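Trainee: Using only what follows, build the 3D model:
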Amino acid sequence: MTEKELRKKAMALPLTPGVYIMKNKDKKIIYIGKAKALKNRVSSYFGSHANHSMKVIRMVENVDDFDYILCDSEFEALVLECSLIKQHRPKYNILLKDDKGYNYIKVTKGDFPRIQECYRMDDETAEYIGPFISNFSVKNAVEETLKIFKLPRCNKQFPRDYGKSRPCLNGFMGLCSAPCHGDITQAEYAATVKDAVSFLKGGSKKAVAELQEKMTQYSEALEFEKAAKMRDRIKAIKNLEERQKVVSINVPEEDVFALVNGNKKACFDVLRFQNGRLTDSEHWLIDSVDSLPEARFELIERYYSMRSRIPSRIAVDGDIAEEELLHRHLETLRGKRVELLHPQKGEHLAIVNMCIKNANEHLAQQQGRLGKELAALEELASLLGLPKPPEYIESYDISHTFGADNVAGMVVFHNGRPMKKAYKRFSIKGFDGQNDVGSMNEVLTRRFKHYYEDEEDSTFKQLPDLILLDGGEPQVKAVLPVIRQMKLEVPVFGMVKDSKHRTRAIAYDGGEIAINSHRSAFTLVSVIQEEVHRFAITYHHKKHQKSSFSSGLMRIEGIGEKKAKALLKQFKTVTAIKAASAEELASVPGVSRKNAEAIFNYYNS
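Mentor: Residues are numbered from 1 along each chain as shown. This is a model prediction of the structure:
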């Protein structure tokens with residue numbers, strides 16, 4: 001079916017709630033959606049694609065037909081949509097892969113038992129603790145237990161390797177009892193593992209009580225070394241509890257969601273709290289989304305279609321499209337009241353920010369970047385109202401000496417890091433004298449002419465996601481007409497300095513945005529401003545020095561600007577020109593024998 005035929009079919013739909021099902025030529029379902037008014041929603045796909053993202057355009061290109069199911073309400077349409085998506089998992093819907101399985105803590109048998117995490121009970125001789133749904137909890141529990149009881153994490157096998165080698169770094173640092181070096185007997189090791197299993201099964205309160213009792217017994221028996229080991233374990237458990245309090249909230253249960261959007265990928269992160277403590281952490285990398293509020297709606301709905309427990313409180317890092325509808329859906333699934341929060345201060349905001357930080361880190365690792373760089377770009381995008389973090393930033397600065405030797409520098413930051421191969425230098429040609437605003441206009445005009453005229457391998461062919469100008473609102477206003485004239489859509493902002501030449505604010509066409517309180521974005525913008533200033537002023541000094549040399553040569557009779565530049569091009573410095581013979585000077589293109597003698601006599605008379 002052609003797009004025209006699909007639109008005609010869509011225009012015949014009723015203006016009532018329902019679910020629409022897009023199919024390709026093989027009659028396979030590729031997208032399922034809900035609508036408050038079917039006719040309006042479905043017809044919007046077919047016709048003009050001006051407001052559609054690439055993902056939607058690709059989906060529409062593959063649509064050969066569609067079905068629909070009428071519903072009595074938008075809520076009924078949402079419930080049906082959820083069910084159908086779970087059943088068919090269409091290609092173009094946002095999907096979350098549920099890789100949750102049961103997790104266990106395994107305690108091997110033998111003279112030197114090991115404590116490990118595992119996914120299945122495949123060893124009949126071993127003891128298993130579990131099952132647990134959260135892999136995050138199992139990993140943390142095993143890791144902390146090994147630390148507290150100083151049990152080995154290495155791949156050495158005991159008793160085969162007992163006492164046969166020097167201890168590794170963990171042994172030297174006191175993080176391992178070092179059975180490889182024979183620092184602990186088999187009986188002591190077995191007793192330690194028994195205490196560790198008791199800790200895993202009974203929790204910290206029971207473990208501390210048992211250890212305190214043992215410590216007292218050893219002290220009374222004058223076995224002070226053993227008593228000291230019990231004391232150290234008790235201290236380690238209490239230190240663990242203190243660290244856990246840092247990641248805790250004063251409510252029985254809460255889930256926290258964050259969605260960080262990149263240029264190609266996005267990360268959806270979830271932190272789950274029970275009894276006030278962090279019990280689970282999950283994340284998914286998905287394709288970059290077009291609308292954060294709409295994506296939050298879909299992702300949260302998909303998440304709870306996979307998880308049976310819905311908490312009484314859910315905290316989110318931003319707006320949710322059709323929040324009331326989602327809220328009603330969650331309360332229906334839970335059968336009780338659910339509170340949807342958008343924290344603005346206090347501990348809940350701190351937990352949301354931690355969730356955002358985790359999402360940034362996961363996304364950064366996927367893109368080969370540092371989490372702090374991605375966080376800075378994310379914060380800058382939020383501050384400036386950009387739809388996505390700016391992956392490719394260009395910055396410009398003008399440099400001159402009282403209007404002489406006007407130049408401009410352009411630096412590029414890619415993914416928050418300098419991209420020096422794309423740096424460019426401009427010599428101002430349109431006028432003489434001091435005019436920073438006019439210079440900025442000329443430089444940006446030339447830059448975007450290169451965009452349209454250069455070959456494909458030119459770095460000028462890359463359009464920036466953001467332009468930062470060294471200067472305030474006047475510089476921004478000088479450049480915006482250039483952007484409009486070139487029919488481009490590139491956000492332009494200025495970087496405003498204070499009296500001490502430090503970044504103070506971001507300027508736009510209409511005012512300023514304070515930036516000092518946004519630490520990550522402030523640091524990034526400050527680094528960009530310093531780098532573009534360094535690059536521009538270095539070029540200016542070089543040109544000014546050459547200009548000074550040229551003006552000195554031009555005091556010689558018969559030597560003008562063109563000949564002075566030719567001499568400097570060949571000899572590089574005035575010192576070399578002074579040392580040259582008349583014959584060497586006359587070999588410079590454009591310099592006559594008479595000129596050469598005049599230069600030689602000027603410097604040697």
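Trainee: Can you pull out the low-pLDDT segments for the stretch 401-550 of the chain?
Mentor: 401-404, 431-434, 499-501, 544-550 (pLDDT under 70).
Trainee: With the stretch 51-200 of the chain instead?
Mentor: Ranges of the stretch 51-200 of the chain meeting pLDDT under 70: 99-102, 130, 133-134.
Trainee: and the closest residue to residue 35 other than its chain neighbours, how many neighbours?
Mentor: Excluding the flanking residues, the one nearest residue 35 by Cβ to Cβ, 6 or more residues apart in numbering is residue 41, at 3.6 Å. (Each C-beta comes from the backbone N, C-alpha and C, glycine too.) Residue 41 has 18 neighbouring residues, counting by other Cβ atoms under 10 Å.
Trainee: same question, residue 317
Mentor: 20.
Trainee: Same question for residue 118.
Mentor: Residue 118: 16 neighbours (other Cβ under 10 Å).
Trainee: pretty sure residue 366 contacts residue 287?
Mentor: No - with contact defined as Cβ atoms under 8 Å, residue 366 does not count as touching residue 287 (12.0 Å).
Trainee: list the buried ones in the helix or strand containing residue 377?
Mentor: Using DSSP states H and E, the element containing residue 377 is helix 371-384. By neighbour count with 16 or more other Cβ atoms under 10 Å, helix 371-384 contains the buried residues 371-381, 383-384.
Trainee: again, but for stretch 379-398
Mentor: 379-381, 383-384, 386, 388-398.
Trainee: And stretch 224-235, by the same measure?
Mentor: In stretch 224-235, counting by 16+ other Cβ under 10 Å, buried: 226-227, 229-231, 233-234.
Trainee: between those residues, which is nearest residue 200?
Mentor: residue 233 (13.5 Å; Cβ to Cβ).
Trainee: ok so that closest one is a helix residue?
Mentor: Yes - looking at residue 233 with DSSP: H, G, I helix; E, B strand; the rest coil, it is inside a helix.
Trainee: What pLDDT is listed against it?
Mentor: pLDDT recorded at residue 233 is 77.
Trainee: Tell me where the stretch 1-150 of the chain has strands.
Mentor: All strands of the stretch 1-150 of the chain, identified by DSSP state E, counting those that start in this stretch, fall at 18-23, 29-35, 65-70, 103-107, 115-118, 127-132.
Trainee: ditto for the stretch 251-400 of the chain
Mentor: Under DSSP E, counting those that start in this stretch, the stretch 251-400 of the chain gives strands at 253-261, 265-274, 277-287, 313-316, 339-341, 392-401.
Trainee: now these as CSV including distance to residue 187?
Mentor: Conversion of the strands of the stretch 251-400 of the chain to CSV gives the following (distance: least, Cβ to Cβ, whole Å):
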stretch, distance to residue 187
strand 253-261, 43
strand 265-274, 38
strand 277-287, 35
strand 313-316, 49
strand 339-341, 53
strand 392-401, 64
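Trainee: Tell me which of these approaches residue 195 most closely.
Mentor: Nearest of those (Cβ to Cβ): strand 277-287, 22.5 Å.
Trainee: any idea how far the residue nearest to residue 35 is from residue 78?
Mentor: Residue 41 is 13 Å from residue 78, where distance means Cβ to Cβ, to the nearest Å.
Trainee: Check residue 191 too.
Mentor: Distance from residue 191 to residue 78, by Cβ to Cβ: 57 Å.
Trainee: With neighbour numbers in mind, choose between those two.
Mentor: Using other Cβ under 10 Å, the more surrounded residue of residue 191 and residue 78 is residue 78, with 22 against 14.
Trainee: end to end, how far does stretch 91-104 reach?
Mentor: 33 Å (Cα to Cα, to the nearest Å).
Trainee: can you list contacts of that stretch?
Mentor: Around stretch 91-104, the neighbours that count as contacts under Cβ atoms under 8 Å, 6 or more residues apart in numbering are 22, 30-32, 55, 58-59, 85, 89, 117-121, 128-135, 137-138, 268, 284, 286, 289, 295, 298-299, 302-303, 306.
Trainee: And stretch 527-536, by the same measure?
Mentor: Residues contacting stretch 527-536 (Cβ under 8 Å, 6+ apart): 393, 395-399, 407-411, 413, 418, 423, 425, 468, 470, 495, 497, 503.
Trainee: In strands, which of the residues you listed fall?
Mentor: 393, 395-399, 407-411, 413, 418, 425, 468, 470, 495, 497, 503 (DSSP state E).
Trainee: Cheers, nothing more for now.
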